[in-house]
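Asker: got a structure for you, letters missing:
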Ligand SMILES: Cc1cc2nc3c(=O)[nH]c(=O)nc-3n(C[C@H](O)[C@H](O)[C@H](O)COP(=O)(O)OP(=O)(O)OC[C@H]3O[C@@H](n4cnc5c(N)ncnc54)[C@H](O)[C@@H]3O)c2cc1C
């Protein structure tokens, strides 16, 4: 990757994280993928060196840096060969904590964030539901307040929740006012930071989903059946959860874009190395334009997506600054930039990973060359946290002013 234009902080992060990741070679990720083993040593190593708090406030033990630096960290992790599995093993702790840091009260912030930064607790993000999918605003999981106001009782189902098996906490988006009783579907949702306590509290169950890639990291269906949560787990105001969680969602899109870039650059680097060395018909295969041009094209797509990604991260950070309101970046502008970045980076990563496999010929299909693992994993940023189609719906409607199509 061309690194001109990055800040000193970003470059320091990139180099330090790459050094740490070098202790976890591709063989580590191949094994953890094959055996579906949580990369807990990797999570612990990042926590030990303080990386999980990169974008969290200094007074809570974080580094007080921004999403621009966190995105660089996620890129460096994926680029090291750890891929999406490495990134997903920690990224919830980086982005799902953003709304908590901003909207949580002092007790919630001080009681939770330092433990997540130190690695003692892990967290996950509980939004997607099996019956509503991308139509997030219609999600059905209900949190009903008890008569004495001390508890909420949660009933519903979440799906695809990354790291729920190893997480102590979940940032849960649930409905506190039924859909029929709100003016707009974006109203009546609330955000909670809850304990995932299967041992001592009845009403919580989960099931691992067998998946295509990133198998080192668990993905789950999570079932709530009158699961009690204390009322003080509510983050911010009741029924305002969607506005609050948007903070986390835009940050998540930037981080995912960085992760996709990392995968893509790793794939291009691996493929070009192979193309220089592999000799067929008496010359390196990279001497054929049929091999060189697709890789050059993949590299340029990554470079373009890189600019979109770090532009979005910069806008996100500016939107969070405490300066006067007139100098603040609108959330809408951040949303457009973050969605654009996620889309472009995911597409560029897919192109790069597919071409890396094809450059390797038959060996592209062999586990020991890693490119098959990265190809399996690079589908994730195309699907999650928001699909390509929904990004295009959003840009079509919000930017181009076209009629809403759904
Ligand atoms: C590996 C992985 C990890 C994940 N981790 C998490 C997590 O930690 N927490 C969490 O909450 N979620 C997580 N997700 C869920 C992810 O965010 C969703 O899978 C994603 O948002 C897509 O939702 P869906 O699967 O319900 O697709 P659906 O909503 O069922 O959509 C299916 C297809 O139809 C298309 N489609 C639907 N409506 C329209 C429309 N109006 N116009 C055009 N196309 C449309 C979609 O683009 C998509 O291609 C994860 C998913 C994966 C695969």
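Answerer: All right, it came through fine. From a predicted model like this one, the values you see are computed outputs, not experimental measurements.
Asker: hey, let's count contacts and neighbours off CA atoms from now on
Answerer: Will do.
Asker: tell me if residue 171 really is in a helix.
Answerer: No. Assessed with DSSP: H, G, I helix; E, B strand; the rest coil, residue 171 is strand; it does not lie in a helix.
Asker: that one: how many residues sit nearby?
Answerer: 24 (other C-alpha atoms under 10 Å).
Asker: residues touching it, list them.
Answerer: 96, 123, 124, 125, 126, 191, 192, 193, 194 (C-alpha atoms under 8 Å, 6 or more residues apart in numbering).
Asker: just the residues you listed that are near the ligand?
Answerer: By C-alpha under 6 Å from any ligand atom, the members of the contacts of residue 171 lying near the ligand are 125, 126.
Asker: just the buried residues of the contacts of residue 171.
Answerer: 96, 123, 124, 125, 126, 191, 192, 193, 194 (16 or more other C-alpha atoms under 10 Å).
Asker: read off the pLDDT value for the third one.
Answerer: You'll see residue 124 listed with a pLDDT of 96.
Asker: that one pairs with what?
Answerer: residue 170 (DSSP bridges).
Asker: does the closest residue to the ligand within the chain count as helix, strand or coil?
Answerer: Of all residues in the chain, residue 133 sits closest to the ligand, at 2.9 Å by C-alpha to the nearest ligand atom. Assigned with three-state DSSP, residue 133 falls in the coil class.
Asker: ranges for the strands of the stretch 101-250 of the chain?
Answerer: Ranges of strands in the stretch 101-250 of the chain, per DSSP state E, counting those that start in this stretch, are 123-126, 142-145, 151-162, 169-175, 189-195, 204-208, 219-230, 234-235.
Asker: these into JSON lines, with extra columns for distance to residue 309?
Answerer: Shown next, in JSON lines, are the strands of the stretch 101-250 of the chain (distance: least, C-alpha to C-alpha, whole Å):
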{"stretch": "strand 123-126", "distance to residue 309": "22"}
{"stretch": "strand 142-145", "distance to residue 309": "35"}
{"stretch": "strand 151-162", "distance to residue 309": "23"}
{"stretch": "strand 169-175", "distance to residue 309": "25"}
{"stretch": "strand 189-195", "distance to residue 309": "27"}
{"stretch": "strand 204-208", "distance to residue 309": "32"}
{"stretch": "strand 219-230", "distance to residue 309": "26"}
{"stretch": "strand 234-235", "distance to residue 309": "29"}
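Asker: domain parsing for this structure?
Answerer: Domain assignment for the chain by automatic domain parsing gives 8-117, 123-235, 241-398.
Asker: averaged pLDDT, the shortest one. What do you get?
Answerer: Within the predicted structure, the mean pLDDT of domain 8-117 is 97.
Asker: can you check stretch 337-353 too?
Answerer: The model assigns stretch 337-353 a mean pLDDT of 98.
Asker: is the ligand contacted by that stretch?
Answerer: No. Using C-alpha under 6 Å from any ligand atom, stretch 337-353 stays clear of the ligand, coming no nearer than 12.0 Å.
Asker: neighbouring contacts of that stretch?
Answerer: 250-251, 253-254, 256-258, 260-261, 263-265, 267-268, 295, 298-299, 301-302, 305-306, 308-309, 311-313, 315, 371, 374-375, 378-379, 381-382, 388, 391.
Asker: rewinding a little: can you add distance to residue 286 and give the contacts of residue 171 back as JSON lines?
Answerer: What follows is the contacts of residue 171, written out as JSON lines (distance: C-alpha to C-alpha, whole Å):
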{"residue": "96", "distance to residue 286": "43"}
{"residue": "123", "distance to residue 286": "44"}
{"residue": "124", "distance to residue 286": "43"}
{"residue": "125", "distance to residue 286": "43"}
{"residue": "126", "distance to residue 286": "45"}
{"residue": "191", "distance to residue 286": "52"}
{"residue": "192", "distance to residue 286": "53"}
{"residue": "193", "distance to residue 286": "52"}
{"residue": "194", "distance to residue 286": "53"}
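Asker: which helix or strand lies directly C-terminal to the helix or strand containing residue 293?
Answerer: For residue 293, the host element (DSSP states H and E) is helix 289-320. Following helix 289-320 in sequence order, the next helix or strand is helix 331-359 (DSSP H and E).
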